[in-house]
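>>> I'd like to go over a predicted model; first the sequence, then the structure.
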Amino acid sequence: MFQYQGKTALITGASSGIGKEFAKALAAKGMSVILVSRSEEALQKLATEITGLYPVQATVISADLSQPDATSRIVSAVTERDLSVDLLINNAGFMTHGHFEAIDPQRDHDEVMVNVAAVASLTHAFLPGMLNRKQGAVINVASVAGFQPIPFLAVYAASKAFVISFSIGLWEECRDRNVCVMALCPGTTATELFDRAVAPEAALGKPRTAADVVKTALAGLDRKRSLVVDGLKNSLLSHGPRLIPRWFAAQCAGKAVRPRKAKGIS
């Protein structure tokens, strides 16, 4: 079982959705939380809510993870406050949807910076301390989209494939040193992800709640799992791409998430 009481968790993308739910759930377990997001106002509101309910510390750090200096700014803020990170939750991420050539290249670049580069750099920043202390954990929020290539979500699916592979690789490196690195793969979840991407077609199936996802994640962490998929249906579907050729998996996925406004594009 992971020891939550009296420890500190750093959560990116903490202002809403799964990140916000992680913050509240961990505070309820006795963890102080470091809340990271671009929206300082939303973070301050959440911090006030948390400290009003639980005897823990809630620290706010406003940072844009698409910027190259984001990790150094976060590390500096943590160091200045004399905090240590016992649980890192790389939750921040976003999605672009549509024909690749029609997507703003800067938007895709920012997506890679947030979904991939920030995950690696923040893990570089805080994992060594956990290994030195011989305790700690990292939860990297991936997606069931990471199990196969997906047309019209090409960069998003690829970024989440990185998170899955990266996490399982580090799990093996760290498992004998009392530090767990785990990939968390939600399916469609009732968050703002699809609305922000203007991608209703990509929200397949009945959405699960952020609370469901967090419950699955913490249960997996307590069992020191390398990978957990939220929801039985999502778990079963995640095995499908292994059984068919990748080109066929991509073809099927593309038909499912193709933008409606682009149906006539060949």
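It's in. All of these numbers come straight from a predicted model, not from anything done at the bench.
>>> ok, the nearest residue to V163 once chain neighbours are set aside - contacts?
Excluding the flanking residues, the one nearest V163 by Cβ to Cβ, 6 or more residues apart in numbering is A142, at 3.9 Å. Bear in mind the C-beta positions are built from the backbone N, C-alpha and C, glycine included. Going by Cβ atoms under 8 Å, 6 or more residues apart in numbering, A142 touches K160, A161, V163, I164, S167, A183, L184, C185.
>>> try A253
Q148, P149, I150, P151, L153.
>>> Just give me the closest of those residues to V36.
Nearest to V36 among the contacts of A253, counting by Cβ to Cβ, is L153 at 25.0 Å.
>>> Report the contact partners of L237.
By Cβ under 8 Å, 6+ apart, the contact set of L237 is V144, G187.
>>> Against S15, how distant is it?
Distance, L237 to S15, by Cβ to Cβ, to the nearest Å: 29 Å.
>>> Next, give phi and psi for L87.
When quoted as degrees, to the nearest 10, the phi and psi of L87 stand at phi -140, psi 120.
>>> List the beta-bridge partners for the closest residue in space to it that isn't next to it in sequence.
What sits nearest to L87 in space, not counting adjacent residues and going by Cβ to Cβ, 6+ apart, is A9, at 4.0 Å. In this entry, A9 is beta-bridged to V33, L87, by DSSP bridges.
>>> how about low-confidence regions in the chain?
190-195, 197-205, 261-266 (pLDDT under 70).
>>> now the strands for it?
Counting by DSSP state E, the chain has strands at residues 8-12, 32-37, 58-62, 87-90, 136-141, 179-185, 227-229.
>>> In contact with I164, which residues?
Counting by Cβ under 8 Å, 6+ apart, I164 makes contact with A142, G146, F147, A183, C185, L227.
>>> closest to Q135 among these?
Closest approach to Q135 among those (Cβ to Cβ): A183, at 20.0 Å.
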